[in-house]
Structure formats: structure tokens, C-alpha cells
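Novice: Need coordinates for the below:
(one chain, ligands or ions: 2)
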Amino acid sequence: MIQAVIFDLDGVIVSTDECHYQAWKRMAEEENIPFNRTINERLRGVSRMESLDIILENSAREYSNKEKAALAARKNSYYVELIQSLSENDLLPGALHALRSLRENGIKIAIGSSSKNTPLIMKRLGIESLFDAVADGNDISRSKPDPEVFLLAAQKLGMSPGDCLVVEDADSGVEAALRAGMKVLGVGSAKNNPRATVTAGDLSSFDILSYIRQS
Ligand code: B16
Ligand code: MG
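Specialist: Ligands and ions are numbered 1, 2, ... in the order given. Below is the predicted model of the structure:
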């Protein structure tokens, strides 16, 4: 019986994925590194430094570790600039309703995100008080598809992994949830992922509470 739901943030609760794309694109153009939406798909759920390594596969030159740290910091400053204007209007369809109905029905809810900007994003969206626990990029050393962030979220909730359902938009996140021993609802970019336990276009077209009660 599922007793807790762990939500990915970017691409599930809020569409910050477009802000990540715009910020990486700006940095890549300044460095004359080819970058497009196909490459961007590989960055979903992946940490900032690992995302940079993927982008640098197309670079004509090598970057030192110091230069890489500077590139990642520059991209993050562009990204933070873009997310300053986030508000509750940027919550994805069905997200707020799902969070509220789960809470009202005694299901524990947590965030399990690779993003180090999770606290800022949650504050901008005004959703901090809705969650029983948050595990994010500031707490972990291995990013999805490693299960670390979801296992930590379950631990913070005091739940066994087998009692948790993860909601994810990234193929790397679907793998992370499965490796954690959890069920996973794939949405958005993961809506056709055959590895997911169950799939939906977005949270407005899937009743998590009914699913939990049937499981
Ligand atoms: P930051 P999620 C992930 O968030 C994003 O999907 C991924 O594109 C990003 O690189 C990663 O966070 C790190 O983000 O640079 O803000 O620390 O989908 O796991 O909520
Ligand atoms: Mg995501």
C-alpha cells in the first residue's frame, strides 16, 4: 500500500525546464558550443556539473576544472535571473490540486529533486508549507539515475521505499525511482516511458489518490 508520494520538481510541479534550456543556450552560444533541444533532453534530472559535461561533448576545446566551475556558475546566474519571476501561476496543470488532495487524505508528500535551487523555487511558488520533507541537490552527491535523492526523501518521511510512489518527468528519474525500489508515475517527457509503473500526460489527467487506493 502506497503511503507517500515523492514529487520531482522541475517538469512535474513547475516548468522550470524551459528556463534551464534558455540559460544553458545563452552560455553555450557565448562559448560557441553547439547546443539544441535534442541535447537538452539529455539534461533532464541530471545535475548541473553532469549537464555541463554533456554540453561540452560538442565543444571544440577542452576546459579545465576551474573553467568548468566558472561556466556552471555563469549558467546558474542566468537561470536564477530567469526564475526570479516565478509565481504560483507557473505551477503545472493539476499539481496544486494533487498536492492538496494527498495531504487532506493523510498521504505524506515530499520533493525529490536534483536541483540546488529547490529552496528558491519552492519559495517563489509559495508551496514550502505543503511538503512533509524535501530532498534536493544540496543533500546528495550522486544524481539521478542514482536512487540517492529518493531514498533520502523516503528516509526523511520515515517511510520504507516500497511504500512510496515517485512522480517524474525524466527518464533518468524513472530509473532512479525503480532502483530505489519505488513505483513511478511518468509524466511529461516520461509519459511514454515503458519502464514507468504507470504514465500520464500531466497531473491534471491522473488521479493519484484513486491510484493509491486501488494499489
Ligand atoms: P540546478 P529535477 C533538475 O531538477 C533538472 O531537471 C535538471 O535539468 C537540472 O540540471 C538539475 O535539476 C540541477 O539543477 O542547476 O538548479 O542545481 O528535475 O530533479 O527537479
Ligand atoms: Mg524533472
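
Novice: check contacts around the closest residue in space to residue 4 that isn't next to it in sequence.
Specialist: Distance criterion Cβ to Cβ, 6 or more residues apart in numbering; nearest residue to residue 4, sequence neighbours excluded, is residue 108 at 4.0 Å. No exception for glycine: its C-beta is placed from N, CA and C like everyone else's. The contact partners of residue 108, by Cβ atoms under 8 Å, 6 or more residues apart in numbering, come to 3-5, 132-133, 157, 159.

Novice: For residue 108, what are phi and psi?
Specialist: As for residue 108, its main-chain torsions (degrees, to the nearest 10) stand at phi -70, psi 140.

Novice: From residue 7, how far out is it?
Specialist: Separation of residue 108 from residue 7 (Cβ to Cβ, to the nearest Å) stands at 11 Å.

Novice: how long is stretch 184-201 end to end?
Specialist: In stretch 184-201, first residue to last residue: 14 Å (Cα to Cα, to the nearest Å).

Novice: buried stuff in it?
Specialist: 184-191, 193, 196-197, 199-200 (16 or more other Cβ atoms under 10 Å).

Novice: tell me the mean pLDDT over the biggest helix by length in the chain?
Specialist: Criterion DSSP state H: the longest helix present in the chain is helix 65-83. Here helix 65-83 scores 98 as its mean pLDDT.

Novice: In terms of secondary structure, what does it contact?
Specialist: Judged by 3 or more Cβ pairs under 8 Å, 6 or more residues apart in numbering; DSSP states H and E, helix 65-83 is in contact with helix 17-30, helix 48-56, helix 118-125.

Novice: Adding distance to residue 207, write the ones you listed out as JSON lines.
Specialist: As requested, those are exported to JSON lines (distance: least, Cβ to Cβ, whole Å):
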{"stretch": "helix 17-30", "distance to residue 207": "24"}
{"stretch": "helix 48-56", "distance to residue 207": "33"}
{"stretch": "helix 118-125", "distance to residue 207": "22"}
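
Novice: Next, format those helices as TSV and append mean pLDDT and mean neighbour count.
Specialist: Listed next are these as TSV, based on pLDDT from 0 to 100; neighbours: other Cβ atoms under 10 Å:
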stretch	mean pLDDT	mean neighbour count
helix 17-30	96	19
helix 48-56	97	18
helix 118-125	97	18
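
Novice: Please identify which of the ones you listed is closest to ligand 2.
Specialist: helix 17-30 (6.8 Å; Cβ to the ion).

Novice: is the closest one up against ligand 2 anywhere?
Specialist: No. Between helix 17-30 and ligand 2, judged by Cβ under 5 Å from the ion, nothing touches; the nearest distance is 6.8 Å.
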